[in-house]
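> fold the stuff below for me.
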Amino acid sequence: MYYPIFVSGDRVRCGVVGGGTVAERKVRTLLETGAKVRVISPKLTPALVRMAARREFEWHKAKYKSVFLGGLDLVFGATNDPAVNARIFRDALRRRLLVNIVDDPEHCSFIVPATCRKGNIQVAVSTGGGAPMIAGKIRSDILGVLGGAYPPLVAWLKSHRDAIKALPGPRKRLFWEKMKKLDVHRITAVAAKILAEAKAPP
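All right, here's what the predicted structure looks like:
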């Protein structure tokens, strides 16, 4: 059983062991979150070489050694050598680091779910490592359900968060009850009116 959690990327230091296309995808995704990334690999894809030249991540141009795990919070093993991946897993556990060996759930202390994002909304789907392709299908289905209405709503609520939090308890509950009952396609347009009513003097 896995405990779902969203990690603040700009507060973690991540390692990626490997320099192929899989490692490249991991590095790009981590950098998008603002994470500090360390890559350990003698060779990199051409795209990663260009990114390293721009100092987008820290590159150790060397074969894997456990010393490279120092100072990290989590690490991805993305090499094509099972023996090296096994060493990464053992070394990470000894250092009490979160570790993910790509495509090898038995050697992971965490797994990466299929995710979809629209605006401020991010949804993660996992099958516990048992059927990643099905997780991807569910992700696609969720994207269809989200449509274009929810992201503007979430953005509006975020921009008015302080005003909503400042409402007295009963008014705040009534506000959310009314919001939940609205048609999502009308909800953003009507939300401002509901908030104004909630803030009005009794």
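> which ones are touching the residue nearest to G136 when sequence neighbours are not counted?
With sequence-adjacent residues excluded and distances taken as CB to CB, 6 or more residues apart in numbering, G136 is closest to A114, at 4.9 Å. C-beta here means a position set from N, CA and C on the backbone, and glycine is covered the same way. If you count contacts by CB atoms under 8 Å, 6 or more residues apart in numbering, A114 has them with 124-126, 132, 135-136, 138-139.
> in TSV: these, plus secondary structure.
Compiled in TSV, those are given as follows (DSSP: H, G, I helix; E, B strand; the rest coil):
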residue	secondary structure
A124	strand
V125	strand
S126	coil
P132	helix
A135	helix
G136	helix
I138	helix
R139	helix
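> just the buried residues from the residues you listed, in ChimeraX please.
Here is the ChimeraX command that selects only those of those that count as buried (16 or more other CB atoms under 10 Å):
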select :124,125,126,132,135,138,139
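> tabulate the contacts of A114 (TSV), appending distance to K181 and pLDDT.
Listed next are these as TSV, based on distance: CB to CB, whole Å; pLDDT from 0 to 100:
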residue	distance to K181	pLDDT
A124	27	84
V125	27	85
S126	31	81
P132	37	73
A135	31	80
G136	33	78
I138	27	83
R139	28	78
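> re the thing from before, what sits opposite the residue nearest to G136 in the beta ladder?
V125 (DSSP bridges).
> thinking again about what came up before, and the contacts of A114, which is closest to K43?
Set against K43, the nearest of the contacts of A114 by CB to CB is P132 (26.6 Å).
> check which helix or strand the most centrally placed residue in the chain maps to.
By CA atoms, centre = their mean, the mean C-alpha position of the chain lies nearest to F6, the distance being 5.9 Å. Here F6, judged by DSSP states H and E, is contained in no helix and no strand.
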